[in-house]
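>>> sequence below, structure please.
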Amino acid sequence: MSLKVGIVGLPNVGKSTLFNAITNSSVEAANYPFATIAPNVGTVMVPDSRLDLLEKLFASKKKVAATIEFVDIAGLIAGASKGEGLGNAFLSNIRETDALVQVVRCFDDKEIMHVEGSVDPIRDLEIINLELMLADEQVIQKRLQRLAPKAKGGDKSVLGEVKLLEKLQTQLNNNQLLNSLELTDEEQKMLRGFGLLTTKPLIYVANVGEADLGNEDDNAYVQKLKEYAANQGFPVVKISAKIEAELSELEATEKLLFLQEIGATQSGLDQLIQTAYELLGLKTFFTAGPQEVHSWAFVNGMTAPQCAGIIHTDFARGFIKAEIYPFAAIEQHGSEKAVKDHGQIRLEGKTYVMQDGDVCFFKFNV
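Residues are numbered from 1 along each chain as shown. Reported below is the predicted structural model:
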């Protein structure tokens with residue numbers, strides 16, 4: 001499964017600069033509103049040192065990492081849900097994403113104009129959140145206009161959906177994002193087809209200046225953002241889009257030295273990926289052999305057949321058993337043969353719940 005993340009924010013907060021850096025793309029990042037018109041889509045590999053070691057141990061011809069797809073849409077402004085700026089149409093490009101990353105400007109720079117005239121991270125993110133809520137409200141109202149008369153007419157098949165829509169509408173009317181609303185499993189199932197934006201997990205990216213990145217003490221803008229996000233229960237990742245752009249041009253060794261020089265332990269992209277995985281409850285399993293090593297993302301709690309289906313639907317349909325051992329075992333013993341000799345390869349059936357770091361060989365018959 002490939003994780004898909006939408007990037008949102010006001011114009012000129014560093015969205016496209018960040019997108020360019022993390023996807024090593026060359027999307028226009030101009031100093032004027034609406035430089036991004038059509039959505040930009042880029043795919044990045046999820047870094048995992050375990051995959052690198054498996055590649056060496058198996059002397060594999062090919063290494064394939066799990067991926068994240070980033071979708072960068074045009075900068076939103078107040079009134080976007082009603083057609084201001086580039087309008088609500090571009091929000092449709094992120095309705096199918098798994099999570100949203102909202103880039104918030106947390107630096108001063110007289111050379112880079114701010115669409116609101118000043119830097120204020122809380123005001124900025126509330127503008128974006130309001131536009132997302134208004135866009136969701138439009139979707140809910142349209143569904144209610146279509147279904148409410150049927151419910152009143154005695155159509156029991158739509159009663160559950162109407163009640164859910166009214167529940168969602170009340171939440172939005174209280175100026176609350178839908179991702180903070182507690183829903184039953186049945187309601188969650190109904191919700192999946194709605195394409196609502198504020199139901200998605202949210203990560204705030206504090207885009208800071210170069211001098212602030214390696215500084216242990218956050219600047220006043222970041223402090224305010226972290227306090228606000230903590231009250232909402234959303235994570236904050238501090239990134240310098242400008243530094244990420246520089247890092248994207250470097251080789252692995254140079255990148256590590258650069259990070260050490262600025263007092264950082266990992267790149268902003270790595271932090272963002274890690275945060276997205278934690279937020280969505282994603283884990284990683286591996287398949288490995290001389291031809292190919294591959295890392296695969298899965299949702300925590302999935303069974304062996306479900307994970308086999310991530311590779312190919314036939315694997316799930318004809319699942320028999322899976323040979324599995326933990327990555328730690330091959331890391332310790334140095335080869336799959338040694339792992340087997342130590343009795344650490346297990347045969348697991350259909351009820352086995354996959355664990356992070358499992359190295360698997362699926363047996364199936366269709």
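>>> now this structure, which segments are flagged as low pLDDT?
1, 25-39, 75, 77-90 (pLDDT under 70).
>>> which residues of it fall in helices?
15-23, 49-58, 121-152, 159-173, 185-191, 210-213, 220-232, 241-247, 252-261, 268-280, 304-311, 313-317, 327-333, 336-341 (DSSP state H).
>>> and the longest one with helix 159-173, angle?
Helix 121-152 and helix 159-173 are oriented at 150 degrees to each other (axes from the mean of the first three to the mean of the last three Cα atoms, to 10 degrees).
>>> tell me how far helix 121-152 is from the chain's mean position?
22 Å (Cα atoms, centre = their mean, to the nearest Å).
>>> would you map out the domains in the protein?
3-279, 301-364 (automatic domain parsing).
>>> still on that earlier bit, can you say which of the helices of the chain is nearest to T43?
helix 15-23 (7.1 Å; Cβ to Cβ). Any C-beta I mention is one placed from the backbone N, CA and C, and that applies to glycine too.
>>> give me the helices and strands touching the closest one, please.
strand 3-8, strand 40-45, strand 67-72, helix 241-247, helix 268-280 (3 or more Cβ pairs under 8 Å, 6 or more residues apart in numbering; DSSP states H and E).
>>> output the third one as PDB, nothing but the C-alphas.
It stands for strand 67-72. What follows is strand 67-72, C-alpha atoms only, in PDB (Å, rounded to 0.1, in the frame of the first residue of the first chain):
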ATOM      1  CA  THR A  67       6.700   4.800  -1.000                       C
ATOM      2  CA  ILE A  68       4.800   8.000   0.000                       C
ATOM      3  CA  GLU A  69       3.000  10.000  -2.600                       C
ATOM      4  CA  PHE A  70       2.900  13.800  -1.900                       C
ATOM      5  CA  VAL A  71       0.200  16.000  -3.600                       C
ATOM      6  CA  ASP A  72       0.900  19.700  -3.500                       C
END
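>>> list the buried residues of that strand.
68-72 (16 or more other Cβ atoms under 10 Å).
>>> go on, stretch 178-192?
178-179, 181, 187, 191.
>>> save those as CSV, and put in distance to K61 too.
Below are those laid out as CSV (distance: Cβ to Cβ, whole Å):
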residue, distance to K61
L178, 46
N179, 43
L181, 48
E187, 47
L191, 43
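>>> just flag the most distant two among the residues you listed.
Maximum distance among the buried residues of stretch 178-192 (Cβ to Cβ): 13.3 Å, for N179 and E187.
>>> quick one: buried residues of stretch 122-139?
For stretch 122-139, using 16+ other Cβ under 10 Å, the buried residues are 124-125, 127-137, 139.
>>> what about D98, neighbour count?
18 (other Cβ atoms under 10 Å).
>>> residues touching it, list them.
Going by Cβ atoms under 8 Å, 6 or more residues apart in numbering, D98 touches 3-5, 200-201, 280.
>>> likewise L202?
99-102, 177, 179, 234.
>>> mark which of the residues you listed are buried, thanks.
The buried subset of the contacts of L202 - by 16+ other Cβ under 10 Å - is 99-102, 177, 179, 234.
>>> now, among those residues, which is nearest to P11?
Of those, the one sitting nearest to P11 (Cβ to Cβ) turns out to be Q102, at 13.4 Å.
>>> now do the contacts for that closest one.
8-9, 125, 128-129, 202-205.
>>> biggest separation within those, which pair?
That would be N129 and V205, which, of those, are the farthest apart (Cβ to Cβ) at 14.4 Å.
>>> ok, now how distant is K321 from I345?
Counting by Cβ to Cβ, to the nearest Å, the separation of K321 from I345 is 12 Å.
>>> compare the contacts of D98 and tell me which has the most neighbours.
V5 (24 neighbours).
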